[in-house]
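# Just a sequence and a predicted model for now, questions to come.
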Amino acid sequence: MKQLLKLTDENYFSLEADQQYMSVSQYKNFLKCESSALAQIQGKYTRPKSDALLFGSYVHSWLDGTIEKFKEENPELFSSKGATKGQLKATYQNANEMIKVLENDPFVMMALQGEKEVIMTGELFGSPWKIKMDVYNPQFGRFADLKTVKAIREKYWSDDIGYCSFVEAYGYITQMAVYSEIEKQNRGGDWLENFIVAVSKETPPDKAIITIDEESLAHELENIESKMERIIALKSGELEPKRCEKCEYCRRTKKITNVIHYLELIG
Ligand SMILES: [Zn+2]
């Protein structure tokens, strides 16, 4: 078997890394739309950078101590005209408020103590996987992930489960399950305690430290296992990907081949 790429901060998000390894975001992409996920891995399609992604990255740059560098590299964080020219845009002033809320909470700062942005790899359900933990603290028996979210206690919609929490809607159980298992493979022993440190975009920001129980993690790993055979076959080209016909990629590449009944539009 071919030697796998050794992952670093520089190549972690590269196409080569995504081709050789599964990641939680790649797995979620495959569940959303196989065609889009495959086109992204093959370098044929890049998803547009969303504002939410940039926002999350800004708050994460505070966590790993690179916020000044992040500001220099992303001039779009600053207003470019009018009376506020040169100032941080209102959205990012709000992000600073969220950061302040985290900094002022001793329990949060304790949960975020540890090594930052730790990369690990492992083998799971017939494929190599890569993970990147926001905060790794095996001495204290835990790892943590920082999440910015619209509202912590709001109901979110998921096509699979209906109304649920943001933790389920955004696939964070999947993330914590894979991270727990890959980390355990690297260290030996039992799963670490997992923390989702959440801060909301509301004024004033809400905050919570959330954990997922082992039974839910184990159940989620079984769920992932049941889907991996198809994903591995899709990645190797043995199976043809299905188009969802709804996502950005499918809309971009759509060719109409038949007429549909109006009841097909929803559901
Ligand atoms: Zn699609």
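Perfect, thanks for sending it.

# Quick check: buried residues in stretch 179-189?
179, 180, 181, 182, 183 (16 or more other Cβ atoms under 10 Å). Heads up, the C-betas are built off the backbone N, CA and C, glycines and all.

# TSV please, covering the residues you listed and showing secondary structure and pLDDT.
TSV is the format used below for the buried residues of stretch 179-189 (DSSP: H, G, I helix; E, B strand; the rest coil; pLDDT from 0 to 100):
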residue	secondary structure	pLDDT
179	helix	98
180	helix	98
181	helix	98
182	helix	98
183	helix	98
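
# and which of the residues you listed is nearest the ion?
If you rank the buried residues of stretch 179-189 by distance to the ion using Cβ to the ion, residue 179 comes first, at 26.6 Å.

# List the contacts of the closest one.
24, 131, 133, 143, 145, 194 (Cβ atoms under 8 Å, 6 or more residues apart in numbering).

# how many neighbours does the second one have?
Around residue 131 there are 25 other residues, counting by other Cβ atoms under 10 Å.

# Doesn't it belong to a helix?
No. Using DSSP: H, G, I helix; E, B strand; the rest coil, the secondary structure at residue 131 is strand, not a helix.

# Test my guess that it contacts residue 24.
Yes. If you go by Cβ atoms under 8 Å, residue 131 and residue 24 touch, sitting 7.2 Å apart.

# For those two, list the residues in contact with both.
178, 179.

# hang on, the earlier thing: including pLDDT and distance to the ion, could the contacts of residue 179 go into JSON lines?
Below are the contacts of residue 179 laid out as JSON lines (pLDDT from 0 to 100; distance: Cβ to the ion, whole Å):
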{"residue": "24", "pLDDT": "98", "distance to the ion": "19"}
{"residue": "131", "pLDDT": "98", "distance to the ion": "25"}
{"residue": "133", "pLDDT": "98", "distance to the ion": "30"}
{"residue": "143", "pLDDT": "98", "distance to the ion": "32"}
{"residue": "145", "pLDDT": "98", "distance to the ion": "27"}
{"residue": "194", "pLDDT": "98", "distance to the ion": "31"}
